[in-house]
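# Predicted model follows, preceded by the sequence.
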Amino acid sequence: MDIPCLRKRLLTALGVCTSMVLAWGACSLSPRPALDPDSRDFYETARLVMTKEESRIFTHLPDAASRQEFIRDFWDKRDPDPDTEVNEFKREFDRRVEYASERFREGIPGWKTDRGRIYVYFGEPDKIDRYPVLDQPDVKGIQIWYYYTLQFAIRFVDRTGTGTYTFDPYYGIAGDFFQAVERVKLGMLPGLDQRFQNRYIDFEAEYDPSADMVRIVIPANAVIFTAKAGLLHADFGVEVFVYTRKGEKIQRFRKEIPFEKAEDEVTLLKEIVLEVPLELQTGRYTLDITLDGSGLSRIRKMFEITNPAHS
């Protein structure tokens, strides 16, 4: 990957205003309503962990009531253990924002700095190397943050000698960085209690308009089965949110899907396909799908679809 392309991807991943973001805003379907104070306070920090679809939806909601509903849904989708009273994701996110605000002040709130944002995303680094630079007039200090479990390192450079460290896009970073940022935005917060992270898998989801169906494909080797009456059994929960292009939530439902087959059949399976009926009128929508069950952490996909007119 060439350096300009890498720089653009890194800055976009960090939430910095880029030409891509500006272009998206310019082609919005309608002017964005002014945010009320509570919504503005939420959006200021939560947009760090919003997907681009969520940001578009939230900033186009018409009133405070619909935004409050969105905020409740936003945190609920990221709660790794809904059976407890505590939302572990939100608690850890708030803690990181508060810590970054105090630790990385550079004339602006600490969570807005490059180091603060990385801390919010990934938590405490496994190791930090600090180097004073004496032989380069335009570099006064360097910090390199290592995240061994995520398999990448990030370099920050102080170019003024004032303790203001900026993200260095010219430092080699493994591709896992971008995947890790996207996982954070879907609710997988590195450094959160390991019991919420050890069953993360990726899955595929698509909408079939000809069948009015969402199909979800899960790697079979990621599922924990239980023996039941001579069969291998698994239970999945699928929660679906459907939004219009204007941000209106028109559907929310949860479907429990049992799965069972003979053991010899399961051993031959490479993937498990779940089907969820979903009827939509002609138009463009955003689907937000949460999957859990059979030993899996809560995992999400969010994507836009077009439902054409049926022939």
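Structure's in. What do you need?
# just the helices in the stretch 151-300 of the chain please.
Using DSSP state H, counting those that start in this stretch, the helices found in the stretch 151-300 of the chain span residues 176-185, 263-266.
# buried stuff in the last one?
Neighbour-count burial for helix 263-266, with 16 or more other C-beta atoms under 10 Å as criterion, is recorded at V266. (Glycine included, C-beta is placed from N, CA and C.)
# which stretch of helix or strand covers the nearest residue to L192 once chain neighbours are set aside?
Nearest-residue entry for L192: E92, 5.4 Å, with adjacent residues in sequence omitted and distances by C-beta to C-beta, 6 or more residues apart in numbering. E92 belongs to helix 88-103 when elements are defined using DSSP states H and E.
# Between helix 176-185 and that helix, find me the angle.
Helix 88-103 and helix 176-185 meet at an angle of 120 degrees, taking axes from the mean of the first three to the mean of the last three C-alpha atoms, to 10 degrees as the criterion.
# Name the next helix or strand downstream of helix 88-103, please.
Past helix 88-103, heading to the C-terminal end, the next element that is a helix or strand (DSSP H and E) is helix 114-122.
# Convert the C-alpha atoms of that next one to CSV, please.
Output in CSV follows, covering the C-alpha atoms of helix 114-122 (Å, rounded to 0.1, in the frame of the first residue of the first chain):
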residue,chain,number,x,y,z
ASP,A,114,-4.2,11.1,18.9
ARG,A,115,-2.9,9.2,21.9
GLY,A,116,-6.2,9.7,23.7
ARG,A,117,-8.2,8.2,20.8
ILE,A,118,-5.9,5.2,20.5
TYR,A,119,-6.2,4.7,24.3
VAL,A,120,-10.0,4.8,24.0
TYR,A,121,-10.0,2.2,21.2
PHE,A,122,-7.4,-0.2,22.5
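# what is the orientation angle of it with helix 88-103?
160 degrees.
# got a list of contacts for the helix holding E92?
Under the contact criterion C-beta atoms under 8 Å, 6 or more residues apart in numbering, helix 88-103 has outside partners 45, 49, 75, 78-81, 109-111, 113, 115-117, 119-120, 123, 187, 189, 191-193, 196.
# Count the residues that sit near the residue nearest to L192.
In terms of burial, E92 registers 18 neighbours under the definition other C-beta atoms under 10 Å.
# Look up the pLDDT of it for me, please.
E92 carries a pLDDT value of 95.
# any idea how far R245 is from Q251?
Applying C-beta to C-beta, to the nearest Å, the value for Q251 to R245 is 14 Å.
# Please read the previous query as pertaining to N221.
Remark: distance between N221 and R245 (C-beta to C-beta) = 37 Å.
# So those two - more neighbours on which side?
Summary of the neighbour comparison: N221 and R245, criterion other C-beta under 10 Å, with R245 having more neighbours (16 against 9).
# What does the pLDDT read for the more buried one?
Model confidence at R245 (pLDDT) stands at 87.
# got the contact list for it?
R245 sits next to 29, 283-286 when contact means C-beta under 8 Å, 6+ apart.
# From these, pick the one nearest E85.
Each of the contacts of R245 was scored against E85 by C-beta to C-beta, and T286 proved nearest at 29.6 Å.
# Report the contact partners of the closest one.
Shown in contact with T286 (C-beta under 8 Å, 6+ apart): 53, 57, 242-245, 302-305.
# Then T164?
Contact criterion C-beta under 8 Å, 6+ apart gives 106-107, 113, 158 as the residues in contact with T164.
# now, of the helices of the stretch 151-300 of the chain, which is deepest in the fold?
Sort those by mean neighbour count, taking mean count of other C-beta atoms under 10 Å, and helix 176-185 sits at the top with a mean of 18.
# which strands and helices sit next to that helix?
Under the contact criterion of 3 or more C-beta pairs under 8 Å, 6 or more residues apart in numbering; DSSP states H and E, the helices and strands touching helix 176-185 comprise helix 3-13, helix 114-122, strand 152-158.
# hmm, back to that, tabulate the contacts of T164 (TSV), appending distance to A234 and pLDDT.
Formatted as TSV, the contacts of T164 follow (distance: C-beta to C-beta, whole Å; pLDDT from 0 to 100):
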residue	distance to A234	pLDDT
E106	49	88
G107	53	86
T113	44	95
D158	52	93
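# among those residues, which two are most distant?
G107 and D158 (13.3 Å).
# The two: which is more packed in?
When G107 and D158 are compared on other C-beta under 10 Å, the one with more neighbours turns out to be D158, at 18 against 9.
# Okay, now the unreliable bits of the stretch 1-150 of the chain?
Counting by pLDDT under 70, the stretch 1-150 of the chain has low-confidence residues at 1-31.
# run the last query once more with 90
Judged by pLDDT under 90, the stretch 1-150 of the chain has its weakly predicted residues at 1-35, 80-84, 105-107, 132-140, 148-150.
# Leaving out sequence neighbours, find the closest residue to the residue nearest to the spatial centre of the chain.
Among the residues of the chain, the one closest to the centroid is K185, at 1.7 Å (C-alpha atoms, centre = their mean). For K185, ignoring the flanking residues on the chain, the nearest one in space by C-beta to C-beta, 6+ apart is T51 at 4.9 Å.
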